[in-house]
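**Student:** my questions are about this predicted structure, shown below with the sequence.
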Amino acid sequence: MNDYSEKRVWITGAGKGIGRALSKLMVKEGWVVAATSRTKEDLLSLVNECPLDTVIPFPLDVSNHKKTISTVRAIEKKLGQIDLVILNAGTHTPVPATNFSVEKIRNLMEINFMGVVHGLSEVIPKFIKQKRGHIVVVASLAGYRGLPSASAYGASKAAIINMCEALRPELLEHNVRLSLINPGFVETPLTDKNNFEMPFIISAEEAAKRILAGIGSKKFEIAFPKRLVFPMTLLKFLPDSLFFAFTKKMLK
Ligand SMILES: NC(=O)c1ccc[n+]([C@@H]2O[C@H](COP(=O)([O-])OP(=O)(O)OC[C@H]3O[C@@H](n4cnc5c(N)ncnc54)[C@H](OP(=O)(O)O)[C@@H]3O)[C@@H](O)[C@H]2O)c1
């Protein structure tokens, strides 16, 4: 991880779960973290749990484009040039067919997908201009194929995966790296709400370690844990008849 002029990173969704664990890990590795989420108390407790001046809180709702622009400016004013950005903020709302809701889907897309788009719209032109930078986007293995009750969540993550695949070669032409993180189940406030079995679930600290190791590699996709990546990858190649036989079983 020595491609960066300074060890400064902007992490969205840093208040809880994966983003919080990653922030703490990166501080231990010598990084200064510009930490973003909506809940100020989460950011302040993160600041208090880390050494002085290693975490700088920037409260922000990533679904607000104008505020994202002003927040990125405020981060740069306070910390100077940022070479690494981790767009991790996201949430999950189940949307089953029996409760198909425009409002729920719009809200989820505004946070999970447009939240990433808003961040990208600020950093891509800067990174292209300075001819360096590394963008890391957190999607999910749930974006590989459509799974029951995840019509909104899966769609938001599939959109992110597709967008990152499209952008990666174009950005590389300008010496800008883009990495895609696809986690399986991770123990966080997000998954605490789930009332179904989550195979091969790992801790947020373990997820943070794998993300940081992945960021240091030259790989495009960082997917984990392997025990779940393998069957989820297989689903991509199953013929529809077998795939839908499998997802039908998930409904029971
Ligand atoms: N946990 C898993 O099993 C899992 C698996 C695959 C992918 N992921 C992805 O990993 C990322 C982190 O998930 P997590 O499990 O750590 O979730 P989490 O525990 O719910 O934490 C999400 C963080 O994002 C912030 N956030 C949510 N909406 C936001 C908004 N509109 N603007 C700014 N910040 C916002 C939350 O803070 P506020 O609510 O205070 O804003 C919180 O700090 C998400 O993109 C998620 O989809 C998670």
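**Tutor:** That came through, no problem.
**Student:** how far away is the nearest residue to residue 37 once chain neighbours are set aside from the ligand?
**Tutor:** Among residues not flanking residue 37 along the chain, residue 15 sits closest, at 3.3 Å (Cβ to Cβ, 6 or more residues apart in numbering). All C-beta spots, glycine's among them, are computed from the backbone N, C-alpha and C. Distance of residue 15 to the ligand, given as Cβ to the nearest ligand atom, to the nearest Å: 3 Å.
**Student:** can you give me the strands for the stretch 151-252 of the chain?
**Tutor:** 177-183, 186-187, 202-203, 221-224 (DSSP state E, counting those that start in this stretch).
**Student:** for the nearest residue to residue 84 once chain neighbours are set aside, which three-state class applies?
**Tutor:** Taking Cβ to Cβ, 6+ apart as the measure, residue 84 lies nearest to residue 9, with 4.4 Å between them; neighbours along the chain are not counted. Following DSSP: H, G, I helix; E, B strand; the rest coil, residue 9 is assigned to strand.
**Student:** surely residue 9 meets residue 85?
**Tutor:** Yes: Residue 9 lies in contact with residue 85 (Cβ atoms under 8 Å); the separation is 7.1 Å.
**Student:** and this structure, which of its residues are near the ligand?
**Tutor:** Within the chain, the positions near the ligand by Cβ under 6 Å from any ligand atom are 12-13, 15-19, 36-39, 42, 60-63, 88-91, 111, 115, 138, 140, 183, 185-186, 188-191.
**Student:** which of the residues you listed fall within helices?
**Tutor:** Those of the residues of the chain next to the ligand mapping onto helices are 17-19, 42, 115, 189-191, per DSSP state H.
**Student:** out of these, which are buried?
**Tutor:** Buried members of these, counted by 16 or more other Cβ atoms under 10 Å: 17-19, 42, 115, 190.
**Student:** please identify the helix or strand for residue 33.
**Tutor:** strand 32-36 (DSSP states H and E).
**Student:** list of residues touching that strand?
**Tutor:** 6-15, 19, 23, 26-27, 43, 46-47, 50, 53-60, 62, 71, 75, 78-79, 82, 89 (Cβ atoms under 8 Å, 6 or more residues apart in numbering).
**Student:** show me where pLDDT drops low in the chain?
**Tutor:** Filtered on pLDDT under 70, the chain yields the residue ranges 1-3.
**Student:** recalculate using a threshold of 50.
**Tutor:** 1-2 (pLDDT under 50).
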